[in-house]
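>>> Return atomic coordinates for the entry below.
(3 chains)
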Amino acid sequence: MSQDIATIRVTRYRPEKDVKPYFQEYKVPYRQDMVVLDALNYIKAEIDGSLTYRWSCRMGVCGSCGANIDGEPKLTCASFLHDFKGRTITVEPIANFPVIKDLVVDMEDFMEKLVKIKPWIIREKETPPEQGEYKQSAKELERYSQFSSCINCMLCYAACPIYGLNEKFLGPAATALAYRYIEDSRDQGKEVRFPIVHEMEGAWECTLVGECSVVCPKGVDPMLAIQKTKILGATNAIKSLLMPRGGR
Amino acid sequence: MEDNKRYPELRRRLSPGWWTANRHYTMYMVREWTSLFVALYSLIFIYGLSLWAMGSRADFLNFLKNPAIVGFSLIALVFTMYHAATWFYLLGAISPVKIGRSRTKPWQALVLNLILLVIVSYLAIWLLVLR
Amino acid sequence: MKAETHKVARLHAMLWGIFSLGGMIAAFLLPVLIYMTAIAYPFSLWPFSGSRDPSFLVTGHLLGALFIFVTIAGSLYHGIFRFQSALTEVGLLKYRRALEAVGYFIIFVGIIVLTYYLVTWYLNGTIT
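The predicted structure follows:
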């Protein structure tokens, strides 16, 4: 009985040995319920242990396994082999990030941006725990909950050509996360975050390509967050013009 | 951050032709380049007005009737309408309205605003010409 | 960790706001202007089928002058702003400063010249 086979073309790159990356093909047994991550794990376990890639939860919540699959940024754990045309699937590292080895990219730029926007609740004055929790209504939660779904998978950065052309751009995930905190009723850190998202390399670089929201596996819609951030910035600027000493 | 890389990294940057890679990117570039026609039409119209300001109204009207100008204007109109349609779609994408439990979709904003465009256009003609 | 300073790009925020307004103008007002001046008038269609004259383009027609100003100034601003940005995306990012300078210069001169022509037309001149 002949077994169904899929061919996985993977980018290989070992900086100490290779001048340029190249593709290596592996044949894996094909099952209807296989995802690309299963194929990669099969290759590493049974064929070539040197294949290097990131993964962790294998269920789409950790954000580790991003790759460029047949030209599109996707999570390998969430991409079924049967989603793709034909039995040959090309797997490359996600675009716009430097490659360390094989499918592993250098995340440093993204990590810096993540920290830069201070992804935590900032209070002017902390209330002591004895006074109880900060209360928030369902309506207040709704203002930001969509943007809190980000799993930091960086697929949006891989999809964003603006980030690809200009590394200084704050980028979709970081801006969306900043917006998530700006809109959180418990947060009092607008003074801190606005200069970060409203500087030139912040939200303003975005020209609404929209691909970030198309590829986001969690439906965060960073394009929407960036747009709302721009609108906040523009209204603030006009307010400061009309009321130089006035309200916030 | 100090550069403590022990390994050389492969840096890949986008080429100027990045937008040919997939259909979304190409449509985005087309959308952005409609701005060229909007800007050019405005500049050409300003030039036409100069014929009136410096010469006579007849010069301006002849300019408007010039086949080359009419031809360019028609092309500009096609691109302007494409700008309008994509602009309306984007408006829908960035301002979803919550109705009950569901949210409005961008194509709904597109249809609504196209209707609004027809109304505004008629109003403009009424205010400027018919009244 | 080195101290980072971030400055709100307030001017750019306002310029972007005007750009958005220009986009609305180009979407809602430019089509009817082009229709009236490049289709209705040259081909004698409604609303100029009888008179065969673009009646709002006359001396003393305040609404006409205002309509032209808002539509053309808004469209010019929006078009140049966006085109300059589009150019930076096809390989000209390193010339961004120069492109911006040229762009704003064209907008500035264009609007001044537009105003001058409109005022000239609106105030004086005989209908020939």
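>>> which stretches of the chain aren't confidently modelled?
Looking at chain A here, since you left the chain open. Per-residue confidence of chain A (counting by pLDDT under 70) places the weak regions at A:1-2, A:245-248.
>>> Wait, chain C was what I had in mind.
With pLDDT under 70 as the threshold, chain C has low-confidence stretches at C:1-3, C:125-128.
>>> That one: strands as residue ranges?
If you assign secondary structure with DSSP state E, chain C ends up with no strands.
>>> a strand runs through A:Asn68, doesn't it?
Yes: residue state for A:Asn68 (DSSP: H, G, I helix; E, B strand; the rest coil) corresponds to a strand.
>>> I figured it was touching A:Val99, is that so?
No: at 11.0 Å, A:Asn68 does not count as touching A:Val99 under the criterion of Cβ atoms under 8 Å. Yep, even glycine has a C-beta here, placed from its N, CA and C like the rest.
>>> who's in contact with the residue nearest the centre of chain B?
For chain B, the residue whose C-alpha lies nearest the mean C-alpha position (Cα atoms, centre = their mean) is B:His83; its distance is 2.7 Å. Residues touching B:His83, when contacts are defined by Cβ atoms under 8 Å, 6 or more residues apart in numbering or on different chains, comprise B:Arg31, B:Thr34, B:Ser35, B:Val38, C:Gly23, C:Ala26, C:Ala27.
>>> got those residues as TSV, with distance to chain A and neighbour count columns?
Written out in TSV, the entries for the contacts of B:His83 read as follows (distance: Cβ to the nearest Cβ, whole Å; neighbours: other Cβ atoms under 10 Å in any protein chain shown):
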residue	distance to chain A	neighbour count
B:Arg31	9	22
B:Thr34	13	25
B:Ser35	11	24
B:Val38	16	28
C:Gly23	11	24
C:Ala26	15	29
C:Ala27	14	27
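>>> I'd like the secondary structure assignment at the residue nearest to the centre of chain B, please.
For B:His83, the assignment made with three-state DSSP gives helix.
>>> Nearest to B:Ile99 among the contacts of B:His83?
Taking Cβ to Cβ as the measure, B:Ile99 lies nearest C:Ala27 of those, at 23.9 Å.
>>> Can you tell me the closest non-neighbouring residue to that closest one?
B:Ala84 (3.9 Å; Cβ to Cβ, 6 or more residues apart in numbering or on different chains).
>>> count of neighbours near the one you found?
If you count neighbours by other Cβ atoms under 10 Å in any protein chain shown, B:Ala84 ends up with 22.
>>> Which secondary structure elements does the longest helix belonging to chain C sit against?
Using DSSP state H, we find that the single longest helix of chain C is helix C:96-123. The helices and strands touching helix C:96-123, judged by 3 or more Cβ pairs under 8 Å, 6 or more residues apart in numbering or on different chains; DSSP states H and E, are helix B:23-54, helix C:62-87.
>>> any idea of the angle the shortest one forms with helix B:23-54?
Read that as helix C:62-87. Using axes from the mean of the first three to the mean of the last three Cα atoms, to 10 degrees, the direction of helix C:62-87 lies 140 degrees away from that of helix B:23-54.
>>> Could you tell me which residues within helix C:62-87 count as buried?
Of the residues in helix C:62-87, those buried under the neighbour-count criterion (16 or more other Cβ atoms under 10 Å in any protein chain shown) are C:64-65, C:67-69, C:71-87.
>>> is that helix anywhere near chain B?
Yes: applying Cβ under 8 Å from any Cβ of the partner chain, one finds that helix C:62-87 is in contact with chain B at C:63-64, C:67-68, C:72, C:75-76, C:78-83, C:85-86.
>>> circling back to that earlier point, could the helices and strands packed on helix C:96-123 go into JSON lines alongside distance to A:Leu51?
Output for these, formatted as JSON lines (distance: least, Cβ to Cβ, whole Å):
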{"stretch": "helix B:23-54", "distance to A:Leu51": "30"}
{"stretch": "helix C:62-87", "distance to A:Leu51": "40"}
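>>> which residues of chain A fall in strands?
Taking DSSP E to define them, one finds strands in chain A at A:5-12, A:22-29, A:66-69, A:72-75, A:88-92, A:99-101, A:104-105.
>>> Those strands into a markdown table, with extra columns for distance to C:Tyr104 and mean neighbour count?
As requested, the strands of chain A are arranged in a markdown table below (distance: least, Cβ to Cβ, whole Å; neighbours: other Cβ atoms under 10 Å in any protein chain shown):
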| stretch | distance to C:Tyr104 | mean neighbour count |
| --- | --- | --- |
| strand A:5-12 | 43 | 18 |
| strand A:22-29 | 47 | 14 |
| strand A:66-69 | 38 | 25 |
| strand A:72-75 | 36 | 24 |
| strand A:88-92 | 40 | 19 |
| strand A:99-101 | 39 | 21 |
| strand A:104-105 | 38 | 20 |
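>>> out of those strands, which comes closest to chain C?
With distances scored as Cβ to the nearest Cβ, the stretch of these nearest to chain C is strand A:72-75 (18.9 Å).
>>> Tell me how far the closest one lies from the chain's centre.
Using Cα atoms, centre = their mean, to the nearest Å, the mean C-alpha position of strand A:72-75 is found 10 Å from that of the whole chain.
>>> Restricting to C-alpha, output that strand in PDB.
C-alpha atoms of strand A:72-75 as PDB (Å, rounded to 0.1, in the frame of the first residue of the first chain):
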ATOM      1  CA  GLU A  72       2.300  33.900   3.600                       C
ATOM      2  CA  PRO A  73       3.100  34.500   7.300                       C
ATOM      3  CA  LYS A  74       1.300  31.900   9.300                       C
ATOM      4  CA  LEU A  75       1.700  29.900  12.500                       C
END
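>>> Which elements pack onto it?
Using 3+ Cβ pairs under 8 Å, 6+ apart, strand A:72-75 is in contact with strand A:66-69, helix A:155-159, helix A:211-215.
>>> how near is the residue nearest to C:Val113 when sequence neighbours are not counted to chain A?
Residue nearest to C:Val113 in three dimensions, not counting chain neighbours: B:Ile46, with 6.0 Å by Cβ to Cβ, 6+ apart. The spacing between B:Ile46 and chain A, counted by Cβ to the nearest Cβ, to the nearest Å, is 26 Å.
>>> And for B:Leu43?
Separation of B:Leu43 from chain A (Cβ to the nearest Cβ): 22 Å.
>>> Can you verify my assumption that that residue contacts C:Leu76?
Yes: when contacts are counted by Cβ under 8 Å, B:Leu43 is listed as touching C:Leu76 (6.9 Å).
>>> where exactly do the helices run in chain A?
Taking DSSP H as the criterion, chain A carries its helices at A:36-42, A:108-116, A:138-142, A:155-159, A:161-165, A:172-182, A:190-197, A:211-215, A:222-242.
>>> what's the offset of the first one from the middle of its chain?
Between the mean C-alpha location of helix A:36-42 and the chain-wide mean there is a distance of 21 Å, by Cα atoms, centre = their mean.
>>> Next: the third one.
Distance, stretch centre to chain centre, for helix A:138-142: 24 Å (Cα atoms, centre = their mean).
>>> cool, and the longest one?
Between the centre of helix A:222-242 and the centre of its chain there are 23 Å (Cα atoms, centre = their mean).
>>> give me the number of residues near the residue nearest to C:Val113?
In terms of burial, B:Ile46 registers 21 neighbours under the definition other Cβ under 10 Å.
>>> center of chain A, which residue is that?
Within chain A, the residue whose C-alpha comes closest to the C-alpha centroid is A:Met154; the distance, by Cα atoms, centre = their mean, is 2.6 Å.
>>> So it is in contact with A:Met107, correct?
Yes: applying Cβ under 8 Å, one finds A:Met154 in contact with A:Met107, separated by 6.7 Å.
>>> Spit out the residues that contact these two alike.
With Cβ under 8 Å, 6+ apart applied, the overlap between the contact sets of A:Met154 and A:Met107 consists of A:Phe97.
>>> Now do the contacts for A:Asn96.
Contacts for A:Asn96 were tallied using Cβ under 8 Å, 6+ apart; they are A:Tyr157, A:Ala158, A:Cys160, A:Tyr163, A:Gly164, B:Arg12, B:Leu14.
>>> No further questions, thank you.
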